[in-house]
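K.L.:
coords please:
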Amino acid sequence: MAIPRVFISSTFYDLRQVREDLERFIKELGYEPVRHETGAIPYGKEDTPEAYAYREVELCDIIITIIGGKYGTASQHEHGYSITQNELRRALEKGIQVFIFIEKSVLSEFSTYKINKDNKSTKYNFVDDIKVYEFIEHLYKLPRNNPISGWSGRQEHTFACSNHGAGRCV
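P.N.:
Numbers count the residues shown, from 1 in each chain. Below you'll find the model as predicted:
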């Protein structure tokens, strides 16, 4: 039986410690974590690193997307989205099981965004770009059951994965 491959998707710099914690947790379960910074994605010269990441998403069994307050790097392939958003979109298009973790401060302020989204002068404390909230709004409207959980501590996302059932989350 093949070992399940789990793609870890998030902005990089601000969430790198969370990514490392998740990688450790995934390995403890006996699964194969896939993170670009550990060399798990084979890059070539024929295309952009972004395109290789999207192809790797399609080869995984599960994707865990972590959303914090940073929008991330804008996609070179699909304007209006970040690379992290496109990784998740690609997984959803391919029917890959998705688990989404949103930082609790961002999730809490999302309620304020929903009330004030038409007021362009509203300033938000926990995101660097309103597109983060627009994307979260899109996620809640998805027709499928893709679990969305809030997290606040470095290792709380692994606890949430355990609560989903270790075999079901990752």
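
K.L.:
Which of the three states applies to the residue nearest the centre of the chain?
P.N.:
Central residue of the chain (Cα atoms, centre = their mean): T65, 1.8 Å from the mean position. Of the three states, T65 takes strand according to DSSP: H, G, I helix; E, B strand; the rest coil.

K.L.:
so what's it bridging to?
P.N.:
S9, I100 (DSSP bridges).

K.L.:
Quick check, pLDDT for it.
P.N.:
Each residue has a pLDDT score; the one for T65 is 94.

K.L.:
measure it to D128 for me?
P.N.:
To D128, T65 is 17 Å away according to Cβ to Cβ, to the nearest Å. Yep, even glycine has a C-beta here, placed from its N, CA and C like the rest.

K.L.:
what distance separates stretch 124-139 from the middle of the whole chain?
P.N.:
In this view, stretch 124-139 has its centroid 13 Å away from the chain centroid, taken as Cα atoms, centre = their mean, to the nearest Å.

K.L.:
residues in contact with that stretch?
P.N.:
Defining contact as Cβ atoms under 8 Å, 6 or more residues apart in numbering, one finds that stretch 124-139 is touched by 67, 69-71, 80-82, 85, 88, 100, 102-103, 105-110, 112-114, 117, 146, 148.

K.L.:
what does stretch 74-85 give?
P.N.:
Here stretch 74-85 has contacts from 9-11, 48, 50-51, 53-54, 65, 67, 71-73, 86, 89, 131, 135, using Cβ under 8 Å, 6+ apart.
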